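Participant: Give me a model of this one.
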Amino acid sequence: MTVSPIADYEPLDLPAAPVRRRHLVAVREPGSSDRLRSAAVFADAALRVILEVIDRRRKPEQLRLLLTPGLVDSVAAAARRAPGHSGQLRRMRLQPVDAAETAFEVAATYTRGVRTHALACRVEPTAAGWRIVALHIG
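Facilitator: Next up is the predicted model:
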């Protein structure tokens, strides 16, 4: 499953220009499984919460059910170093790590001000649902 902007372009606004909000839409690819869709919904929500924690709009404790314990501390540390602009998730792509879909690798982009950055993570199932077990914030 791919989550991509409805409008397929990147605005070239100057920093002083008003911020345009773009809504993401899930595009169902042929042959996508229920497990992939479930992981995609989780990853989308979890990455948004991660960006909100980094922007200091949420408390790091809200990540405890979404991330492994060491990653919660890493995101909290990133929040202390983050600039003042809010991050907005733009694109996300999931890929199963094997045919049995035992885990998924996620690649995403987000914008902060006028700059585009990358996120990557690994999502694995747990007894309670899904959890991010590896995370790279670029």
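Participant: What are the neighbouring residues in contact with Ser33?
Facilitator: By Cβ atoms under 8 Å, 6 or more residues apart in numbering, the residues touching Ser33 are Glu101. Just so you know, the C-beta spots here come from the backbone N, C-alpha and C atoms, and that holds for glycine as well.
Participant: Likewise for Leu36?
Facilitator: Met1, Leu94, Pro96, Glu101, Phe104 are the contacts of Leu36 under Cβ under 8 Å, 6+ apart.
Participant: Show me what secondary structure element comes after the longest helix that the chain contains.
Facilitator: As assigned by DSSP state H, the longest helix anywhere in the chain is helix 34-54. Downstream of helix 34-54, the first helix or strand assigned by DSSP states H and E is helix 69-81.
Participant: next one: that following helix to chain centre, how far?
Facilitator: Relative to the chain's own centre, helix 69-81 is displaced by 15 Å; criterion: Cα atoms, centre = their mean, to the nearest Å.
Participant: Point me to the residue sitting closest to the centre of the chain.
Facilitator: Nearest to the mean C-alpha position of the chain, by Cα atoms, centre = their mean, lies Leu47 at 2.8 Å.
Participant: what's near enough to touch that one?
Facilitator: Contacts of Leu47 (Cβ under 8 Å, 6+ apart): Leu89, Met92, Val106, Ala108, Tyr110, Leu119, Cys121.
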